[in-house]
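Colleague: A predicted structure for the sequence below; I have some questions about it.
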Number of protein chains: 2
Amino acid sequence: MNKSFCCIVDIIMQIYSHIEGGITVAAGFKACGVEAGIKYADRKDLALLVADEPCAVAALYTTNKVAAAPVHVSKERTASGIAQAIVVNSGNANACTGEEGLFNAYAMTRLMAAALDIEEQLTLVCSTGVIGVQLPMEKVAAGVEKAAGSLSSDGGHDAALAIMTTDTVEKEFAVELKIDGARIVIGGMTKGSGMIEPNMATMLAFITTDANVDAASLDAALRAAADVSFNRLVVDGDQSTNDTVIAMASAKAVNRILNPQHPEWSRFIEALKTVCIELGKKMVMDGEGATKFVTVKVTGAACDADAQKAARAIAKSPLVKTSWFGVDPNWGRIIAAVGYSGAMVEEQRVQIFIGGSVAYDRGRVADQSDLDAMTEVMKARAFDVDVNLNLGEGCDTVYTCDLTHDYISINAEYTT
Amino acid sequence: MNKSFCCIVDIIMQIYSHIEGGITVAAGFKACGVEAGIKYADRKDLALLVADEPCAVAALYTTNKVAAAPVHVSKERTASGIAQAIVVNSGNANACTGEEGLFNAYAMTRLMAAALDIEEQLTLVCSTGVIGVQLPMEKVAAGVEKAAGSLSSDGGHDAALAIMTTDTVEKEFAVELKIDGARIVIGGMTKGSGMIEPNMATMLAFITTDANVDAASLDAALRAAADVSFNRLVVDGDQSTNDTVIAMASAKAVNRILNPQHPEWSRFIEALKTVCIELGKKMVMDGEGATKFVTVKVTGAACDADAQKAARAIAKSPLVKTSWFGVDPNWGRIIAAVGYSGAMVEEQRVQIFIGGSVAYDRGRVADQSDLDAMTEVMKARAFDVDVNLNLGEGCDTVYTCDLTHDYISINAEYTT
């Protein structure tokens, strides 16, 4: 390890440290996950996340024009910048459920508000699961009642379990850092493994922090963090009706109020980005049927937008994704995807590297020893694909996975 | 069958009739397919298509910015509107092969021109197969020599066999019709089953006709036909470096020269569209690993472009495609795809039908008997998905297939 690398590590270490836990490690939050029997018996499917007091909130929602009922309700409420509690169910998306669905989404928040004795306007709702089926509201009501009695300051893990659908593992991540000398925690949980494409898609993510930050600044920070994390994930290119990312800040920490003028603002942003990137990576690693986690980095594009087009074309290409599954360094499919991506491309300038080995270098194609080296790297669970277009300064990174038999099985058999 | 339907059939029958054969049923063309050993032994992999005399030509090429060497060569030559012969090889795409590849593409046409004793400027070349590997030119040269001696006026079928890659069946279609009282034939062959997306993509198509039509009019007709056929296919959303559609017209028929002012011009267009649509459908039906052929028709969109966006989003969605494989009338995934397509959509106006049964009707969701009916229809090899957005007059149709375990197997195991 050379000296400059050590320095970088030191600097990063000073910014934040990874700690155990998820949404309840930041001070001021309680959570739980309970069995409500919404779709399946014997699994947690209803979670609550509750702040001790009304606090700053920021949120991002699906851009799908067919948005689920809970998206409409939460969007309306988070506009105020203040919230206190979120109810989340899995097993049913409450999407394409018309007026009855909208009524039920409001009812979920009303039930929670009553059970917790808080203002209904401060309550949010998220749902994930099957589209087009009405929620079993009696079960939901009983579940909310049960959950309200189960809240705990170490309930984050149960909540992470309750929001899973086809996920195979719960997903949590947290960091701590110091701002103004005060300890600040940022933690989160997420769910999502199919229907994932840039701009979120069947993913729910919840971030809590005890930082003292105003709602507008929290919103700016969340957007910046989502842009390099949740909006940079590609599993299958589908985008859901229910995507939601909500961040809440309890202000229990004693830092001076954070906003873009605060001298340590960028450290807060970096820490939040890390939480979002790590949660995002966990989703891709748990991508339906995925056996490979691939970081696709495009540099040298004419502009950032071109880099993004190229990276996403690679990450979305079924032919490229199946070649990864087949441990086949088929760079021809990668350059073909770059070629149709819409980005400016000159074949004679392109460089493609798989796991650091050269696949295609400005006209020179990989020889057998290159191919052997790439094949070896591709046997690992994770590897990088780097493409340099050598045209300008544009760059982008997306996180993606392979396309496998298990993806087909999971999605051909997961019925309405 | 009601009366009006009979009338429509009568009218269609008058326009053209389906006949056996492919590229050599039109007068004035010879073809052949031979074994050149380019990638595999014991399979035809080199085809020639030769007109008796120089004739009108029109062509369409991939829009991929990484275009293969033969695309550059043929594009340069078809600009003149006159051509006489095409050499096609499978097993090697001659793409990303740099200057040597370009030299080899020209050499292929030179070898053919010499063997046939025709002008090199009148010769075209197409390649399909693996990217990034140089052609074995000694084998190609021997193959061209052999093919030049094997040309026959019933060699179209052998040619259709020789251009196959992962295709499982050869693809030919032809029609006859009368224009100015003269019999005219339009026939074609195509290859392609993976990397297929709107705008052609690893497909090669060759159309011949004995109609008397000028090059500019043939070009207009081919564009109109491709727009409702080759540009409306979705297998996997990938687009290749080698796509080429070439039409040649020998003018052996005695019709008055065809152009948009000719009173029977629209009949010629309709017949050409039919040939292209049928060839296109054959490609989708032979889509890699496909078990279902699905016609996705979107009507009632705010404009045609919106209809196309919605239809393509459905056809490209891995989640929708796997649900078809699973014989699962999962209309929720269809409406989600429509929602993120970019088309204007109002959830409360959308209607979705699978095999004619209602899946979602302006807020009302399918009941169990609807679901049972759809499941029954989906067991067939082919079915329709119809979506009415009920917003305007825009419509579009795309032809697509399901996403299956065999697609994964074929593409994970087809190595560079």
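Modeller: Sure, I can see it. Residues are numbered from 1 along each chain as shown, chains lettered A, B, ... in the order given.

Colleague: ranges for the helices of the stretch 101-250 of chain A?
Modeller: Shown for the stretch 101-250 of chain A, the helices assigned by DSSP state H, counting those that start in this stretch span residues A:137-148, A:156-162, A:215-227.

Colleague: looking at the ones you listed, which is nearest to residue B:182?
Modeller: Nearest to residue B:182 among the helices of the stretch 101-250 of chain A is helix A:215-227 (63.7 Å), distances taken as Cβ to Cβ. Where C-beta positions appear, they are placed from N, C-alpha and C, glycine not excepted.

Colleague: now do that closest one: which elements does it pack against?
Modeller: Here helix A:215-227 touches strand A:46-61, strand A:244-249, helix A:265-285, going by 3 or more Cβ pairs under 8 Å, 6 or more residues apart in numbering or on different chains; DSSP states H and E.

Colleague: show me the one of those that comes nearest chain B.
Modeller: strand A:46-61 (12.6 Å; Cβ to the nearest Cβ).

Colleague: does that closest one come close to chain B?
Modeller: No - contact of strand A:46-61 with chain B (Cβ under 8 Å from any Cβ of the partner chain) is absent, the minimum separation being 12.6 Å.

Colleague: quick one: the closest residue to residue A:259 other than its chain neighbours from chain B, how far?
Modeller: In space, residue A:259 comes closest to residue A:217 once its chain neighbours are excluded; the distance is 4.1 Å by Cβ to Cβ, 6 or more residues apart in numbering or on different chains. Residue A:217 sits 30 Å away from chain B, going by Cβ to the nearest Cβ, to the nearest Å.

Colleague: same check, this time on residue A:163
Modeller: 19 Å.

Colleague: returning to that earlier point: nearest to residue B:129, of the helices of the stretch 101-250 of chain A?
Modeller: Using Cβ to Cβ, the nearest of the helices of the stretch 101-250 of chain A to residue B:129 is helix A:215-227, at 40.0 Å.

Colleague: who's in contact with that closest one?
Modeller: Residues from elsewhere that reach helix A:215-227 (Cβ atoms under 8 Å, 6 or more residues apart in numbering or on different chains): A:56-60, A:81-82, A:200, A:207, A:213, A:245, A:247, A:249, A:258-260, A:265, A:268-269, A:272-273, A:275-277.

Colleague: pull out the buried positions in that helix.
Modeller: Going by neighbour count (16 or more other Cβ atoms under 10 Å in any protein chain shown), the buried part of helix A:215-227 is A:215, A:217-222, A:224-226.

Colleague: ditto for stretch A:72-87
Modeller: Buried positions in stretch A:72-87, judged by neighbour count with 16+ other Cβ under 10 Å: A:72-75, A:77-78, A:82-87.

Colleague: tell me how far the ends of that stretch are from each other?
Modeller: Using Cα to Cα, to the nearest Å, the end-to-end distance of stretch A:72-87 comes to 14 Å.

Colleague: before we move on, back to that, tabulate the buried residues of stretch A:72-87 (a markdown table), appending secondary structure.
Modeller: As requested, these are exported to a markdown table (DSSP: H, G, I helix; E, B strand; the rest coil):
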| residue | secondary structure |
| --- | --- |
| A:72 | helix |
| A:73 | helix |
| A:74 | helix |
| A:75 | helix |
| A:77 | helix |
| A:78 | helix |
| A:82 | strand |
| A:83 | strand |
| A:84 | strand |
| A:85 | strand |
| A:86 | strand |
| A:87 | strand |
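
Colleague: now, among those, which is nearest to residue A:283?
Modeller: residue A:86 (18.8 Å).

Colleague: could you pull up the residues touching that closest one?
Modeller: Going by Cβ under 8 Å, 6+ apart, residue A:86 touches A:48-50, A:74, A:123-126, A:206, A:246.

Colleague: bridged to it, which residues?
Modeller: Beta-bridge pairing for residue A:86 (DSSP bridges): residue A:49, residue A:124.

Colleague: before we move on, back to that, now, among the buried residues of stretch A:72-87, which is nearest to chain B?
Modeller: Distance to chain B across the buried residues of stretch A:72-87 (Cβ to the nearest Cβ) is lowest for residue A:72, with 10.6 Å.

Colleague: and of the buried residues of stretch A:72-87, the nearest to residue B:343?
Modeller: Proximity of these to residue B:343 was ranked by Cβ to Cβ; the top entry is residue A:72 with 20.0 Å.

Colleague: isn't that closest one right up against residue A:103?
Modeller: No - counting by Cβ atoms under 8 Å, residue A:72 stays clear of residue A:103, with 11.4 Å between them.

Colleague: stretch A:334-350 vs chain B: in contact?
Modeller: Yes - against chain B, stretch A:334-350 shows contacts by Cβ under 8 Å from any Cβ at A:335-340, A:343-348, A:350.

Colleague: what's the end-to-end length of that stretch?
Modeller: One end of stretch A:334-350 to the other measures 11 Å (Cα to Cα).

Colleague: ok, now stretch A:295-314?
Modeller: One end of stretch A:295-314 sits 11 Å from the other (Cα to Cα).

Colleague: pLDDT of that stretch, averaged?
Modeller: Regarding stretch A:295-314, the rounded mean pLDDT is 96.

Colleague: pull the residues that contact that stretch.
Modeller: Stretch A:295-314 is contacted from outside by A:198, A:234, A:315, A:320, A:334, A:337-338, A:340-345, A:349, A:351, A:382-400, using Cβ under 8 Å, 6+ apart.

Colleague: mind showing which ranges of the stretch 301-416 of chain A have poor pLDDT?
Modeller: Low-confidence segments of the stretch 301-416 of chain A (pLDDT under 70): A:414-416.

Colleague: all the strands of it, in order from the start?
Modeller: Along the stretch 301-416 of chain A, the segments classed as strands by DSSP state E, counting those that start in this stretch run A:351-354, A:357-361, A:364-365, A:382-388, A:394-401.

Colleague: with respect to chain B, which of those lies nearest?
Modeller: strand A:364-365 (4.5 Å).

Colleague: so what does the closest one touch, helix or strand wise?
Modeller: Checking 3+ Cβ pairs under 8 Å, 6+ apart, strand A:364-365 ends up next to no helix or strand.

Colleague: ok, residues contacting it?
Modeller: With contacts defined as Cβ under 8 Å, 6+ apart, strand A:364-365 is touched by A:331, A:358-359, B:96-98, B:132-133.

Colleague: which of the residues you listed lies closest to residue B:185?
Modeller: Checking those against residue B:185 by Cβ to Cβ gives residue B:97 as the nearest, at 36.8 Å.
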